[in-house]
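Asker: All I have is the shape, not the residue letters:
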Ligand SMILES: Nc1ncnc2c1ncn2[C@@H]1O[C@H](COP(=O)(O)OP(=O)(O)OP(=O)(O)O)[C@@H](O)[C@H]1O
């Protein structure tokens, strides 16, 4: 068994309304990400997947407050780190792929400039060397004509291609220890979805990445993930290996999710 890279321990949180009242949304969330594994966090909309992921990176909404628990990454509680320490971890150690890559990118810079700039921020070096790295990263995620594509703006990319570029940035340019992917294939058509997932798995395996995939698509999970965390209404209801979750789900909610995705009979 390999080591745990990140653990979320008894993490609870709530939204604070303008009048100060707290509405709890996360309740004692517990799970661990094993080094080198791809772990899926699954659950219906509103179950708390994104909030948990955003909290790992320290980019949760300003009105969200932790009420208990901790998130340990390499022995340090991320929830107690200051802005400077978090900035040093974000990108370089933990990076994230967001759902809508075109919206997440800066529209006024070319895709190549954005990748190159992030490379320089993380690793230094000249602009030309950084652009060469950017083009190489686009090539490695199978973007055709990467030199030409690097000179284009995000709106000139298709959704699938933008997602590839975002993965290139998060996985290959940042070279993080942990890659978090929040619904990376939502909104893409089915064939593109499976190509993107193949890419994630291949990069994960070849770069030795630890990945956390947030998704509501259990089909994707069955094919790609090692471990699964099932969330419902702000709680973790079940965790296990992908095989155990798919062949012998213990919790009624997990069985309902599997049945809804037509992967197993109800
Ligand atoms: N800015 C916000 N203000 C108030 N409540 C919020 C805010 N963002 C999220 N919530 C609430 O927190 C809960 C968890 O939301 P979260 O976005 O983590 O769910 P999710 O499982 O990621 O859903 P989805 O799959 O739709 O992204 C939900 O009940 C949601 O309505």
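Answerer: On my side now, so go ahead. Bear in mind the structure is a predicted one, so any value in this text is a computation, not a measurement.
Asker: What mean pLDDT does the lengthiest helix in the chain get?
Answerer: Taking residue count as the measure and DSSP state H as the definition, the longest helix of the chain comes out as helix 190-207. Over the span of helix 190-207, the pLDDT mean works out to 83.
Asker: Contact residues of the stretch 101-250 of the chain facing the ligand?
Answerer: When proximity is defined by CB under 6 Å from any ligand atom, the stretch 101-250 of the chain lies next to the ligand at residue 216. From N, CA and C alone the C-beta is placed, and that goes for glycine too.
Asker: where exactly do the helices run in the stretch 101-250 of the chain?
Answerer: For the stretch 101-250 of the chain, helices defined by DSSP state H, counting those that start in this stretch occupy the ranges 101-104, 111-123, 127-140, 146-150, 159-167, 190-207, 218-224, 242-247.
Asker: how about the first one: buried residues?
Answerer: This means helix 101-104. When neighbours are counted by 16 or more other CB atoms under 10 Å, the buried residues of helix 101-104 are found to be 101-102, 104.
Asker: Give me the mean pLDDT for stretch 67-77.
Answerer: The average of the pLDDT scores along stretch 67-77 is 94.
Asker: Show residues contacting it.
Answerer: For stretch 67-77, contacts defined as CB atoms under 8 Å, 6 or more residues apart in numbering pick out 5-14, 22, 24, 28-29, 55-56, 78-80, 89, 93-94, 177-178.
Asker: which among the residues you listed end up buried?
Answerer: Judged by neighbour count, with 16+ other CB under 10 Å as the criterion, the buried members of the contacts of stretch 67-77 are 5-6, 8, 11-14, 29, 55-56, 78-79, 89, 94, 177-178.
Asker: In contact with the closest residue to the ligand within the stretch 101-250 of the chain, which residues?
Answerer: Closest to the ligand within the stretch 101-250 of the chain is residue 216: 5.7 Å, counting by CB to the nearest ligand atom. Residues in contact with residue 216, defined by CB under 8 Å, 6+ apart, are 42-45, 183.
Asker: Likewise for residue 169?
Answerer: Taking CB under 8 Å, 6+ apart, we find residue 169 in contact with 95, 114-115, 118, 137.
Asker: let's go with 7 Å and repeat that
Answerer: Residues counted as contacts of residue 169 (CB atoms under 7 Å, 6 or more residues apart in numbering) are 115, 118.
Asker: cool, residue 56 as well?
Answerer: Counting by CB under 7 Å, 6+ apart, residue 56 touches 6, 71, 78, 94, 180.
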